[in-house]
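Undergrad: Give me a model of this one.
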Amino acid sequence: MDLNQPSVFNPKMFNDERDQVLGLFNKLQAYWGTGKAFYMQGQAPIDLNQHQPNHRFKAIGYSKIKSEEASESKFGVVISMEGGESQMNTAILQYENNLKGLFGQNYVPKVEASKILPDNKAMLMITVTDTATNLKLPARQIILFLNQMNVKMQLPNVFQNKFCQLVPLHPPSKQEIDEYLKVVPAGIDELIWNQAKLNNPDPEKFIPVPLIGFAALNERFKLQEQEVQQQRLQLKLIMDEIENITKSIAVIKILVEECKRKNVLLSNRVLSLMVWQMVKRRRFYPVQAYEDQLRAKLEDLQREINEQGKLKSNLNDLMIKLKQLQNHQTAPSFTIDENLLKDVKSHLTQEQDAIQHLLSLVKNLPKKTQT
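TA: Modelled structure (predicted):
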């Protein structure tokens, strides 16, 4: 009987004021989606459920459509899980043997644990291989076979009374999506369903799904919470990996700097050795023309330096200029910061140390080349 008929919410059970109370109670049960609606003497009550139009606790959500990269040969089975993962791994072997008996000896099923679901449930991922061609059967073909009435009745026995539902893992075709959107789900008003299709944020990626009752909403909430935890775990693993890579990069930089330092030292040793070998090899060679020109230039420079008259005149000029500067020197119009003087002193000290270090390297070069 249609719940919209007035007789359901205006019963004629007692023909007095109690019928009004009973009608309100029937309406309340219909809103909750549970119970039995009594409306007339001698008539069987109507069973109320969540899929009837009067049920109020329902909503429309959106699920992501599987991408084209999803496997066409895999499908999922949701089972109730008792015990830990070790017991489930033991049960998987039994499931494979039972499925082999269901599909026949020419097909080899492969069952793998996909992920753990809330409420003590687990998702199994199954593929079936044809032994004759060694090819995996399409998931659509397998699901059609398992949905046959005589086969579907055997699924609880195959999965040891833990079978819950089949879950397609292959991406739906355009035709399947259109057919799904055309049919209004049970308990959902057609206007609400059409509005949900219009409000779809991305029809290419998402599809509307009904959420009927608190159980469906609670299951979706738990799945989202589990997904958030998994994403946080993956983010933590990524951050740890980035930290390890950063440490490795720092170590590699130190090694590179050390290699550069060793390369400079080896280059200096090689250069010193080449100079020593070149000097030894060309010791008894006659003087070349360019060498003679270089010697002449050096001798000219030495002669200019050693000329006493010119050197004395230059020194006298410098002395005269210094005296003139001293006579015209005035008090400085600026002050030097003490911190700046300390910095200059520190810089000059470092320069002096560097010069001393270079001198020691130059002195040690002949010894290293001989060794």
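
Undergrad: quick one, strands of the stretch 1-150 of the chain?
TA: Remark: strands assigned in the stretch 1-150 of the chain by DSSP state E, counting those that start in this stretch are 35-37, 46-48, 58-64, 75-80, 107-117, 121-130, 135-136.

Undergrad: looking at these, which is closest to residue 181?
TA: If you check each of these against residue 181 by Cβ to Cβ, strand 58-64 wins as the nearest, at 12.1 Å. Every residue, glycine included, has its C-beta placed from N, CA and C.

Undergrad: sorry, back to before: let's have the strands of the stretch 1-150 of the chain in JSON lines, adding mean pLDDT.
TA: Below are those laid out as JSON lines (pLDDT from 0 to 100):
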{"stretch": "strand 35-37", "mean pLDDT": "90"}
{"stretch": "strand 46-48", "mean pLDDT": "88"}
{"stretch": "strand 58-64", "mean pLDDT": "89"}
{"stretch": "strand 75-80", "mean pLDDT": "89"}
{"stretch": "strand 107-117", "mean pLDDT": "87"}
{"stretch": "strand 121-130", "mean pLDDT": "90"}
{"stretch": "strand 135-136", "mean pLDDT": "90"}
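
Undergrad: Could you export these to TSV, including columns for mean neighbour count and distance to residue 256?
TA: Written out in TSV, the entries for these read as follows (neighbours: other Cβ atoms under 10 Å; distance: least, Cβ to Cβ, whole Å):
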stretch	mean neighbour count	distance to residue 256
strand 35-37	16	77
strand 46-48	17	76
strand 58-64	15	46
strand 75-80	20	50
strand 107-117	16	44
strand 121-130	18	46
strand 135-136	14	49
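
Undergrad: Could you export these as TSV, including distance to residue 201?
TA: As requested, those are exported to TSV (distance: least, Cβ to Cβ, whole Å):
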stretch	distance to residue 201
strand 35-37	37
strand 46-48	34
strand 58-64	7
strand 75-80	26
strand 107-117	26
strand 121-130	26
strand 135-136	35
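
Undergrad: Residue 147: which of the ones you listed is closest?
TA: Put simply, out of these the one that sits nearest residue 147 is strand 75-80, at 11.1 Å, with distance taken as Cβ to Cβ.

Undergrad: ok, residues contacting the closest one?
TA: Outside strand 75-80, the residues that touch it by Cβ atoms under 8 Å, 6 or more residues apart in numbering are 114, 117, 120-126, 139, 142-143, 159, 162-170.
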